[in-house]
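Participant: Predicted model follows, preceded by the sequence.
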Amino acid sequence: MSLAAVTRWLVVVCPLLCFHTAVSAELLEQYRSKHRVVVTFSVATTAPERLELLRQIDLYQCEFNDRDLVYIDLIAGSEQYRLLSHRLPVTDHQFRLVLIGKDGADKMYSSKRNLQSVF
């Protein structure tokens, strides 16, 4: 690869990567210091794991709110899914739950749909 090609790649691709990282960070940054964030990555809106977690959030709404939790529901193929999947360890083929603390740090990764483990 020539120096010109490498330079072109650095000028064109790197700013795009930085922009996408900033967008995903911005999505989570709005909750820092105020909320713990439950992010789920699902393969489809009809995924059984996703539906079960939604049922649990509804069932335990008071506990969910008491713990200052917010929920970000991401479906494979969406722009937000793509952006956040670069920041968090997920694959397109399985359900993934990530808990992010008020400090912005990742606290828990799980392939289980059990909301009680978040509490």
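Facilitator: Nice, I can see it. Because the structure is a prediction, the values reported are computed rather than measured.

Participant: Now the most centrally placed residue in the chain: which helix or strand?
Facilitator: Residue closest to the mean C-alpha point of the chain, counted by Cα atoms, centre = their mean, is residue 39 at 4.4 Å. Taking DSSP states H and E as the definition, residue 39 sits inside strand 36-42.

Participant: Could you export that strand as CSV, CA atoms only?
Facilitator: Taking C-alpha atoms only, strand 36-42 is exported to CSV below (Å, rounded to 0.1, in the frame of the first residue of the first chain):
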residue,chain,number,x,y,z
ARG,A,36,-27.9,3.2,35.7
VAL,A,37,-28.5,2.0,32.2
VAL,A,38,-29.7,-1.4,31.1
VAL,A,39,-28.8,-1.9,27.4
THR,A,40,-30.1,-5.0,25.6
PHE,A,41,-29.1,-6.2,22.2
SER,A,42,-31.7,-8.5,20.5
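
Participant: Residues in contact with it: which ones?
Facilitator: 28, 31, 49-50, 53, 67-76, 81, 84-85, 88, 90, 95-102, 107, 115, 118 (Cβ atoms under 8 Å, 6 or more residues apart in numbering). C-beta here means a position set from N, CA and C on the backbone, and glycine is covered the same way.

Participant: Which members of the residues you listed are classed as buried?
Facilitator: Buried by 16 or more other Cβ atoms under 10 Å: 28, 31, 49-50, 53, 69, 72-76, 81, 84-85, 88, 90, 95-100, 115, 118, out of the contacts of strand 36-42.

Participant: about what we covered before: any idea how far residue 104 is from the residue nearest to the centre of the chain?
Facilitator: 12 Å (Cβ to Cβ, to the nearest Å).
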